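# Just need the structure, nothing else, for what follows:
(chains A and B)
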Amino acid sequence: SQQGEEDPQALSIQEGENATMNCSYKTSINNLQWYRQNSGRGLVHLILIRSNEREKHSGRLRVTLDTSKKSSSLLITASRAADTASYFCATDAGANSKLTFGKGITLSVRP
Amino acid sequence: NAGVMQNPRHLVRRRGQEARLRCSPMKGHSHVYWYRQLPEEGLKFMVYLQKENIIDESGMPKERFSAEFPKEGPSILRIQQVVRGDSAAYFCASSPRSNNSPLHFGNGTRLTVT
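Presented below is the predicted three-dimensional model:
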């Protein structure tokens, strides 16, 4: 079964609005990562947050991590049409372990 | 500074044929991962390799599938006697170390079995 479960499954917003995507996981992690995938392409790494971190920023991205609730959120502020893509969270259990992905969230940003 | 290179981008095979998918990791990366993605689904882990070693093959089907990452040359994912259910996008990713390191993905090989 998937380690990470994102919600919602699909999100449609207007350009300029903020998009919030959530991810829950089941077991202990070393870090949690968010990736983006444009149609027909490979995944692109967005941000990595370690298990001892609570919040991280990168440009218009803000990621939070709550290890007590085993959940993370990805906030994209001031969204643009170019942010339209699928977003995946992935959990890393530590050295020599595989990165386990959720099923992804489809984000549509209407111009 | 080339990224992860996968070829071919598209591969069509008839049932029973063999499919060979190639992946050249980013320069300096010695860790390679293979994932499979079905339409509208996330990535399913298949195998994790370092040079000449298989570290974790827990996601590989027991039969027909094999992977290698030789000392020289690309990593190869081989599927023998393909069936229609093998049709999917296969992604390779690489990283410079085993933990706390993001993965760099190729653009995938889309395998269609007719």
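# quick one: contacts of the lowest-mean-pLDDT helix or strand in chain A?
Lowest on mean pLDDT, DSSP states H and E among the helices and strands of chain A sits strand A:5-7, with a mean of 83. For strand A:5-7, the surrounding residues in contact (C-beta atoms under 8 Å, 6 or more residues apart in numbering or on different chains) are A:21-25, A:87-89, A:102-105. C-beta: built from backbone N, CA, C; applies to glycine.
# Could you do stretch B:24-32 as well?
Stretch B:24-32 is contacted from outside by B:1-6, B:23, B:48-51, B:69, B:74-75, B:92-98, B:101, B:104, using C-beta under 8 Å, 6+ apart.
# Also stretch B:58-66?
A:98, B:44-47, B:67, B:77-82.
# Quick check: buried residues in that stretch?
Residues B:59-60, B:65 are the ones in stretch B:58-66 that count as buried (16 or more other C-beta atoms under 10 Å in any protein chain shown).
# mind checking the end-to-end distance for it?
End-to-end span of stretch B:58-66 (C-alpha to C-alpha, to the nearest Å): 12 Å.
# Stretch B:85-102 now?
One end of stretch B:85-102 sits 30 Å from the other (C-alpha to C-alpha).
# and that stretch, what's its mean pLDDT?
Average pLDDT, stretch B:85-102: 90.
# Report the buried residues of that stretch.
Using 16+ other C-beta under 10 Å as the test for burial, stretch B:85-102 gives B:86-95, B:98, B:101-102.
# can you check stretch B:70-79 too?
Residues of stretch B:70-79 classed as buried: B:74-75, B:77, B:79 (neighbour count, 16+ other C-beta under 10 Å).
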